[in-house]
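**Q** Here's a sequence, model it:
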Amino acid sequence: MAPRNLASTWKQFERLSHRLGEPKGDTDNVLASLQKLASKVNDSRIVETLASLFVHPYQGMEDISVAFEPALREKLEDPVHGDISGYDEESQKIRINPVGVVNFGEACATASTALTTPEARKSFHRYRYQACMAEIGKLPNQYLLFLALLREVANICNVSQVEKKGGDVETPEGAGYMHLLWAFKELEAFYKQNTGLNMRSEFGILWHESDWIVGH
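**A** Below is the predicted model:
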């Protein structure tokens, strides 16, 4: 059997995750297959490589591991707080829910259409987030996995928090958007370093430079 690689593994995660949404699908068996696949991947070098590339380079994150833990969730009605990833401080493990990542990709794919509705403009913060998602949707699906990891790094490091006078710490409104921007910017730098190419130019991603925040 050929060694397991990320590209083929992620396609399997995607295929199984899409089957969960089928009207007459066998949810229990599909979820069991997802969990079985995750167990195999977690015993492979894939998770070590993901942690090495996207987690360990950041200060204080050197001992954190990565694992896939599929969980059945409804479609992302709120993409800002969707169940994509989480961090267990006791075990120092970032948990990636491939089903949530696939759902996030689907939300990105429909974000452009959603922006044209009257409801979209009722909340500036949500509109701004979905506008960013529409651009993210131009990336290859596998890159959303990398974004999920980097966004969790942003969550753990609290990159959006600011210290006020007197030492109090405040998390601004729209922190989810800021964490996604941070992850996007870090992925852009990673892409440039490893390919020598500009990620936004390669995939036609448009975003105002003033909207980026400085990398951690």
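**Q** Which SSE is immediately downstream of the lowest-mean-pLDDT helix or strand in the chain?
**A** Lowest on mean pLDDT, DSSP states H and E among the helices and strands of the chain sits strand 169-170, with a mean of 48. Moving toward the C-terminus from strand 169-170, the next helix or strand (DSSP states H and E) is helix 175-195.
**Q** Pull out the buried positions in that next one.
**A** 175-188, 190-191 (16 or more other C-beta atoms under 10 Å). To be clear about C-beta, it is placed using only N, CA and C from the backbone, and glycine gets the same treatment.
**Q** Single out whichever of these has the smallest pLDDT.
**A** The lowest pLDDT within the buried residues of helix 175-195 belongs to residue 175, with 75.
**Q** Can I get stretch 149-163 as CSV, trimmed to CA atoms?
**A** Presented in CSV, the C-alpha positions along stretch 149-163 are these (Å, rounded to 0.1, in the frame of the first residue of the first chain):
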residue,chain,number,x,y,z
LEU,A,149,-4.9,25.5,11.8
LEU,A,150,-3.5,29.0,11.5
ARG,A,151,-6.8,30.5,12.8
GLU,A,152,-6.6,28.3,15.8
VAL,A,153,-3.1,29.5,16.4
ALA,A,154,-4.5,33.0,16.3
ASN,A,155,-7.2,32.0,18.8
ILE,A,156,-4.6,30.5,21.2
CYS,A,157,-2.2,33.4,20.9
ASN,A,158,-5.1,35.9,21.3
VAL,A,159,-3.7,38.0,18.4
SER,A,160,-6.7,40.4,18.4
GLN,A,161,-6.5,41.3,22.1
VAL,A,162,-5.3,44.8,23.0
GLU,A,163,-4.0,46.0,26.4
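**Q** mind listing the strands for the chain?
**A** Taking DSSP state E, the strands of the chain run over residues 65-68, 85-88, 93-96, 162-163, 169-170.
**Q** Relative to residue 129, which of those strands is closest?
**A** With C-beta to C-beta as the criterion, residue 129 lies closest to strand 85-88 of those, at 16.6 Å.
**Q** just how off-centre is that closest one within its chain?
**A** 12 Å (C-alpha atoms, centre = their mean, to the nearest Å).
**Q** Which neighbours in the sheet does that strand have, and how are they oriented?
**A** If you go by DSSP bridges, strand 85-88 pairs up with strand 93-96 (antiparallel).
**Q** Pull the residues that contact the strand it pairs with.
**A** Contact partners of strand 93-96, identified using C-beta atoms under 8 Å, 6 or more residues apart in numbering, comprise 51, 55, 64-69, 84-88, 145, 148-149, 152-153, 156.
**Q** and it, what's its mean pLDDT?
**A** 95.
**Q** tell me which residues in it are buried?
**A** For strand 93-96, by 16+ other C-beta under 10 Å, it's 93, 94, 95, 96.
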